[in-house]
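Enquirer: Any chance you can model this:
(one chain, ligands or ions: 2)
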Amino acid sequence: MELEELPGVGATTASKLRDAGYKEMTSVAAASASELKDACGMGESAANRIILAAKESLDIRFRTGTEMLERRKLVKRISTGSTALNDLLGGGIETQAISEFYGEFGSGKTQIAHQAAVNVQLPEADGGLEKGVIFIDTENTFRPERIIQMAEGHGLDPETVLENIQVARAYNSADQILWAEKAAEMAQSGDVGLIIVDSLTAQFRADYTGRGMLADRQQKLNRHMHTIQRAGDLNNLAVIVTNQVMAKPDMFFGDPTVPIGGHIVGHTSTFRLYLRKSKGGKRVARLMDSPNLPDGEAIFMVTQEGIKD
Ligand code: ADP
Ligand code: MG
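Expert: Ligands and ions are numbered 1, 2, ... in the order given. Next up is the predicted model:
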C-alpha cells in the first residue's frame, strides 16, 4: 500500500512525508503525532488519524495474550560460541529482540559481533538460523580476516560465509540511519537472520556534542533504534548493537562506568550485557537487564577460532 492511499493523505502530504524521511508505511506508523506535525505542517488530530490509518494498514493492533504466546514460540536463538554465555541469555541471542553488548574498549564487543555474523549462518541444529547477516560498521573495525578464522573454526567454507555478510560502513550518524533503513528494507526478503550495528552510539556521540544538542541526538537515536527493532519484530530476526561506556564522575561506589545513550538506549534494548576483561584473557559478561531472565554472569574467552568457554 502506498502512502497516498491512506485516508487524508493526498499527493502533497505524501511527498512532504517522504521528504521528511517517512518513506515507508512502517515509519509513518511508528511516528509520533508531534513529529508528523513538525515535518508536514499538519494539525495534531490529522497527524493522529494518519498514524492510526498507517497502523491499521499494517495490521498493527492489540494482540491477545494467546497471540503473543504464539509469536514468542517463533523466537529462535543464535549461539554466541560460548555455552556459558548462551545459558546466560536463555539459550543464545534471541530473534525479535535487540541485544546490546556494552563495555570498555577491547572488552570483546566487536569479537562477539563477528562471531554472531558467522554463527547465524550455521544450521539450526548447530546454533544458527541458516541465514545471512547485515553488518553496519561505524568504527571501521569489521575484519574479513577475522571472519575467515571463525568460519574455519567451524569447518565452514570462508568464502561462502563472507558472501553472506552484507557490510556497510557508516561515516556519520545520518549515514548510519540511512543504512539501517536500507537494512530494514533488505530484511523483508526473509534471507536475513541478524542485523548488527557496531557501534550504535559512537557516531551519534561524535556528531552531537554539547548539552544543547542532546535532545536532538536522543530523538534521532530513538527513531534509529525503532527502525531496527521493527525490522527484527517483523522478520523474526536478531539484532545486536554494541555500545561504549563513559565515566560517571559523580559515582563513588560500585562500577563508575555507564553505557552511552541514557534511557533511550536502555529502554529500547531488550537484553543488556556488560562486558569486561578479567584475568588470564578471560572475559566476563554480566546480564544487566532482561524481560524474563535472572541477572547473572558468564565467563568466556576470545580465541583465534572465536568466542569459546
Ligand atoms: P571492543 O569491545 O572494543 O569492540 P574487540 O571485540 O575488538 O573490542 O576485542 C579486541 C580484543 O579481542 C583484542 O584486544 C584481543 O584480546 C581479542 N582478539 C582479537 N583478535 C583476536 C585473535 N585473532 N585471537 C585472539 N584474540 C583476539
Ligand atoms: Mg569494537
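Enquirer: so where is the stretch 201-309 of the chain shaky, pLDDT-wise?
Expert: Judged against pLDDT under 70, the low-scoring parts of the stretch 201-309 of the chain cover residues 249, 251-254.
Enquirer: all strands of it, in order?
Expert: For the stretch 201-309 of the chain, the strands defined by DSSP state E, counting those that start in this stretch cover 238-243, 245-247, 257-259, 271-277, 282-289, 296-303, 306-308.
Enquirer: Now tabulate those strands in TSV and tack on mean neighbour count and distance to ligand 1.
Expert: In short, each C-beta sits where N, CA and C put it, glycine included. Listed next are those as TSV, based on neighbours: other CB atoms under 10 Å; distance: least, CB to the nearest ligand atom, whole Å:
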stretch	mean neighbour count	distance to ligand 1
strand 238-243	27	6
strand 245-247	13	10
strand 257-259	17	12
strand 271-277	21	7
strand 282-289	18	9
strand 296-303	17	4
strand 306-308	22	8
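Enquirer: I'd like those as a markdown table, with distance to ligand 2 appended.
Expert: Putting those into a markdown table (distance: least, CB to the ion, whole Å) gives the following:
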| stretch | distance to ligand 2 |
| --- | --- |
| strand 238-243 | 6 |
| strand 245-247 | 12 |
| strand 257-259 | 14 |
| strand 271-277 | 10 |
| strand 282-289 | 13 |
| strand 296-303 | 12 |
| strand 306-308 | 14 |
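Enquirer: a strand runs through residue 193, doesn't it?
Expert: Yes - secondary structure of residue 193, determined by DSSP: H, G, I helix; E, B strand; the rest coil: located in a strand.
Enquirer: Confirm for me that it is in contact with residue 78.
Expert: Yes - the pair residue 193 and residue 78 passes the contact test of CB atoms under 8 Å, sitting 7.2 Å apart.
Enquirer: quick one, which of these two is more surrounded?
Expert: In terms of neighbours (other CB atoms under 10 Å), residue 78 is the more surrounded of residue 193 and residue 78; the figures are 32 against 26.
Enquirer: Next, count neighbours for residue 225.
Expert: Residue 225 is flanked by 23 other residues according to other CB under 10 Å.
Enquirer: Report the contact partners of it.
Expert: Taking CB atoms under 8 Å, 6 or more residues apart in numbering as the contact definition, residue 225 lies against 98, 200, 241, 264-265, 268-269.
Enquirer: try it again with 10 Å
Expert: The neighbourhood of residue 225, defined by CB atoms under 10 Å, 6 or more residues apart in numbering, consists of 98, 100, 180, 197, 200, 239, 241, 261, 264-265, 267-269.
Enquirer: Report the contact partners of the most centrally placed residue in the chain.
Expert: The structure's the chain has its C-alpha centroid closest to residue 239; by CA atoms, centre = their mean the separation is 4.0 Å. Under the criterion of CB under 10 Å, 6+ apart, the neighbours of residue 239 are 93-100, 134, 180, 183, 187, 194-197, 200, 225, 228-229, 231-233, 269-270.
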